[in-house]
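Visitor: sequence unknown, structure follows:
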């Protein structure tokens, strides 16, 4: 059933491409229906899969002569990420309700992107995974280039090229692995058990890992992310930061670490204190956490703060992956989910609720606007989202970061210290953004009321309220009762770490 | 080979020639007074019918390939890879002819179609050839036809210039080719491919090696010209830019298929000689040299083609440089060639699907050129509003050329690179594959530039672009094929394999 | 263990009330009053019933459910005498705060919603027996407090709120890191379990085995977190600004209840887990405690703003709690009855002081609010004079509160301080002696306040100063009555607290 998330999304994209431009309402409702259907399927798949291991969904020979199968399957990690995609899709549609320019094409590209993402999370054939991974690139380009804002064409091209280069690296690794394993099959399980020589894994692993990590926003390949997120229209930013970056992390985990586990082994020598690829990538992850946080602290554009905070939070995911222990990797997957929801929420508030009304994202211009009084919904939504982003207990981020930190501590206390620094700076930049954008006392109240009379803001619409409630609710639910996800993630992580899938 | 065999073998070619003559007769004899449109339609349809007949005849010849017992005296073969290539040539010729509809660059329609069909005949000959002289005859038939076709747009100065450059280059490279062939004859005493290869891998291989190497370089130059490999590519941008649309489409697709089919024949024969003739454990020197030459051509083409395309403002020249790049990828498949890992199938798959996509691309460019008067990037501004179907076709085709799944271009690349690495997974092929993949990433940039103008940037003119219904049908059909073949790669590759068995 | 989950109900009740208040607009205060009165009733029930349960001195009303076992997170609630008393205190103080806030014009729904959320945070952290749950409510009480200061505060509320937030967050960060380390070493986040491990010395062994000789650093981290909250010198600098800029009803909450979270944390977490380490650094800690006492008192002398005066006095009073706690951190030989008696006295005094100070300080700030209201915002010590003539009831009641704060026998301020000193003198006489200075200075401050506010000439703007009206008298009477009651009969509290004190002392290991 889960496969229908993919099929429905692409079918929806096709249908939407044919909807006439003059009927935006039809396009919106159609897109929402498809997104909700996808979410319903994702939830059903999640619930049905509880307590089960890897469940095969579709296995059809595709190019038999090369051993390529259209193989869809889902283990715990896949199910969680599919659920995330469903939520992000629905929220994205809701927060794009006000798009009037070429509405049908917007939602067509949106659904195509969602379909590609579902596909990646559900593929258990390396070739198929790669196909879906690449399919997701083109809609991203158009979403940003046509409907974006600041420097959109440049940002779109940069994002597309970085993604493509990353996937080119993965393709080379994929071809090499396929050839080295005897060119029999491209199934993930088959390749994992193919006994690739350790020397081969030593260089193929970093190639594939970096290829995926580019999309995950690993420092120093992250520069596409802030530019891209800022330029993208709200729904695209939500998807980019919320889900697409997770594609990269998922690829790192499923393909990089799943197929080339020995790539993380110690080299036998030590270079500048680093003794294995694991050390290298953990270092880069930690640098990303701190760098992203520090740069976010210095931004004058609201959306850039969120963009850099995404880089910082994804650093946690990568760090969790590099701990290679149960709790750290579980934390990484939890952080993927949690950050997906929270980043979506933050971009929705900054982009849709604030920017679409104030037409500025610069703090200097937002401060005199007294948004806490003129847009109280946005202010309080941001307070809650900010709390979640800071990692306050009660929200999903706390549990995830807790797990990553504990996992990291088991390996290397210094990582924890640096990551902790990132958390502290995270509190600082979130708080600063909140202060400056919403709660600054730059002007007296009377002035504010005058402004409101002169240029009243559009009222908050029901899609916005629904979207915010949905995302906040999910983050709270996971934060207060993490077992809803942990029970699904933990067995899957255990199996993955034990070696090459079940 | 006796004449009866020869006649039977060349039935498809004969059919095409008959069609060519028929077109001439009908056009010059009966349609003198008719409108241009009618004449074009009739000529094109007759040509397509001719291609269809030839295609049927090729398939009638069966799928059975070369039987090497009698290879020693063969001039031409049928079946196997040859059949695949011939089917491809004929199908692509038919599509190129269909693009002729609505063209107004010449009044001499009958002649155009006739020359095109004759050139196609030359292509068929090349694909089937097993003898050096037959190769040369076919090549010349093809080339001379192409020079003429390029010059057909008599009102365009660019067309004439392009044709002249093509002709001069072509003549020179034909000379090189013949020179190389003459060395081969001198060294081995035979003009039959199989015999030559047997001879050069025999006992006196070491003595003749230097001369052989010289011969191979000459031949590579000659053939490299035909496929527009670096450094023999200088004719390509001008020709792609100056030739009328159907001619350019034909050059970009059919002549490539024919030339690569020839290279495949040579490589396959060489492999066969190794495995069947000698079961040699050591690769003969000539194969190593041949591989080296092709590798150099491939790498240079990939790099120059992709990098030069970045700077182009004219979409036709962009397509030319991209053609050079794609030729580079294909040459990689030929440089690391093995009989048993279906390299031939992978290369053919790539060439056929590339040809299909290119014809579609030229069709779109032609439609836009006719409506706006120029093929510069600016003409494509706002295409999604002016003709959404055309823009969608452009999107599909260009993304396929860039190698984005699930389109056929991606699969073709993947298949080819997998075949290369399957032959030899050492550092050199690996580095080349990595280079190819990296350059594909670069190519996305310039393809996106055109798509950006079509979809993203504001148009200056909103008037709808109209194209002939037949043209639109052809283009949509090609785009659909690109998508379907990409989603179900087994369709085409399975079909090709059924011939190779 | 079975039966109605009363502690969960107690924690959820203010949250429900908060949700309703948010939507109630003008009627939010009524909703808040209803909620706080019901929570007080529930808290009193817990307090009285707890003492009848069989687990003598230990935890009662336990609720325990698995939550996220792989992370050691459990839904584990329970109260002992200390916890129950804190619940009652929180309920009383919140009720007082809500009552005092009868002129919230600006977004009353949000205001009372936040106050009730804060109350839930208090209840949550006083009943939690697992770190995650405890930390959740600890952090969650921070947010409403921040916004209450930020949105309804005085002229310099921005920086005050910021400082409050930053300091408390930094302290929480230190706490979190320390607890993470404990979790990594032991796999558990459960307070009773960890206390048990600590009491046998196993905790230190496990930490050393897993992480190296860092137990002392962990103890310092934990102490730092609480030191900010109490506050302890030198982490107290956020307090005067926050207390002064917050609206008075909010200050009541801050001083009455939130500061107790810090002391409670020391008693529930720091001492049980890291008693031995604290004993190692007892002397510097005592120095800081004494500094808090003395510094608080001296600083109070210099203040011109009544709120700041009382703020520093709070610091001083809480310093006694710190004094008592650190003084009793001495390794005890078995059977040393005298020391045990001193420790009991100190601990009983600390707990009693927590309660009494909460009530008294809240009352004092309530009175300041009254003064502000009646004079259009004035709250400087020199702004008033001779108020005993126009407002005798106000003067009388406020006087009682002030004397209680001074520690006059017969009022509730005395027993706590007396017990603390009685316990501390044998255990750390130097510290005790120096702290007596604090007592003297405090006396001076309070007498000065009384003299300046209630005696002397009446300034112009105070002519016609209205006295307390019925509603206010009704509100304040029980509180004052409580002060008198506890002052005269402290055993109503000590009696139910003492079993817990004995239990804790028996299980703490220094």
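Guide: In hand now; what should we look at? All of these numbers come straight from a predicted model, not from anything done at the bench.

Visitor: How about chain C: which residue is closest to chain A?
Guide: Among the residues of chain C, residue C:136 lies closest to chain A, at 4.0 Å counting by CB to the nearest CB. For the C-beta atoms, the positions are set from N, CA and C on the backbone; glycine is no exception.

Visitor: tally of neighbours for that residue?
Guide: 23 (other CB atoms under 10 Å in any protein chain shown).

Visitor: what's the answer for the one 5 residues further on, then?
Guide: Around residue C:141 sit 24 other residues, with neighbours defined as other CB under 10 Å.

Visitor: Do you know the pLDDT at it?
Guide: On pLDDT, residue C:141 comes in at 88.

Visitor: which stretch of helix or strand covers it?
Guide: Secondary-structure assignment from DSSP states H and E places residue C:141 in helix C:131-152.

Visitor: Ok, residue B:494 next?
Guide: Per DSSP H and E: helix B:490-500 holds residue B:494.

Visitor: same deal with residue B:443?
Guide: helix B:427-455.

Visitor: how about that helix, does it reach chain A?
Guide: Yes. Helix B:427-455 lies within reach of chain A by CB under 8 Å from any CB of the partner chain, at B:430, B:433-434, B:437-438, B:440-441, B:444-445, B:448, B:452, B:455.

Visitor: Pull the distance from that helix to the chain's centre.
Guide: 20 Å (CA atoms, centre = their mean, to the nearest Å).

Visitor: ok, back up a step: what's the helix holding residue C:141 packed up against?
Guide: Applying 3 or more CB pairs under 8 Å, 6 or more residues apart in numbering or on different chains; DSSP states H and E, we find helix C:131-152 packed against helix A:376-390, strand C:60-68, strand C:73-79, helix C:108-127, helix C:157-186, helix C:248-253, helix C:259-265.

Visitor: tell me how far that helix is from the chain's mean position?
Guide: Its chain's C-alpha centre and that of helix C:131-152 lie 15 Å apart, by CA atoms, centre = their mean.

Visitor: could you check the angle strand C:60-68 makes with it?
Guide: Counting by axes from the mean of the first three to the mean of the last three CA atoms, to 10 degrees, helix C:131-152 points 100 degrees away from the direction of strand C:60-68.

Visitor: what's the angle from helix C:131-152 to helix C:108-127?
Guide: 150 degrees.

Visitor: now for the helix or strand hosting residue A:114, which elements pack on it?
Guide: Assigned by DSSP H and E, residue A:114 belongs to helix A:103-122. Packing partners of helix A:103-122 (3+ CB pairs under 8 Å, 6+ apart): helix A:3-18, helix A:24-48, strand A:68-74, helix A:76-95, helix A:126-135, helix A:137-147, helix A:234-239, helix A:245-251.

Visitor: now with 7 Å?
Guide: helix A:3-18, helix A:24-48, helix A:76-95, helix A:126-135, helix A:137-147, helix A:245-251 (3 or more CB pairs under 7 Å, 6 or more residues apart in numbering or on different chains; DSSP states H and E).

Visitor: who touches residue 103 in this structure?
Guide: You didn't pick a chain, so chain A it is. A:24, A:27-28 (CB atoms under 7 Å, 6 or more residues apart in numbering or on different chains).

Visitor: Can you look at chain C instead?
Guide: residue C:373.

Visitor: So it: helix, strand or coil?
Guide: coil (DSSP: H, G, I helix; E, B strand; the rest coil).

Visitor: any idea how far it is from residue A:290?
Guide: According to CB to CB, to the nearest Å, residue C:103 and residue A:290 sit 47 Å apart.

Visitor: can you list contacts of whichever helix or strand comes after the helix holding residue B:443?
Guide: Remark: after helix B:427-455, the chain's next helix or strand is helix B:469-487, criterion DSSP H and E. When contacts are defined by CB under 7 Å, 6+ apart, helix B:469-487 is touched by residues B:95, B:98-99, B:101-102, B:353, B:356-357, B:359-360, B:363-364, B:367, B:389, B:393, B:396-397, B:400, B:405-408, B:410-411, B:491-492.

Visitor: The same query, at a cut-off of 8 Å, please.
Guide: B:95, B:98-99, B:101-102, B:353, B:356-357, B:359-360, B:363-364, B:366-367, B:389-390, B:392-393, B:396-397, B:400, B:405-411, B:467, B:491-492 (CB atoms under 8 Å, 6 or more residues apart in numbering or on different chains).

Visitor: Repeat that for stretch B:392-399.
Guide: Contacts of stretch B:392-399 (CB under 8 Å, 6+ apart): A:17, A:138, B:357, B:360-361, B:364, B:380, B:383, B:407, B:409, B:447, B:450-451, B:454-455, B:475-476, B:478-479, B:482-483.

Visitor: Then stretch A:50-59?
Guide: A:1-3, A:49, A:69-76, A:122, A:124, A:487-488, A:491-492, A:495, A:501-502.

Visitor: quick one, what contacts residue A:389?
Guide: A:309, A:313, A:342, A:346, A:397, A:426, A:430.
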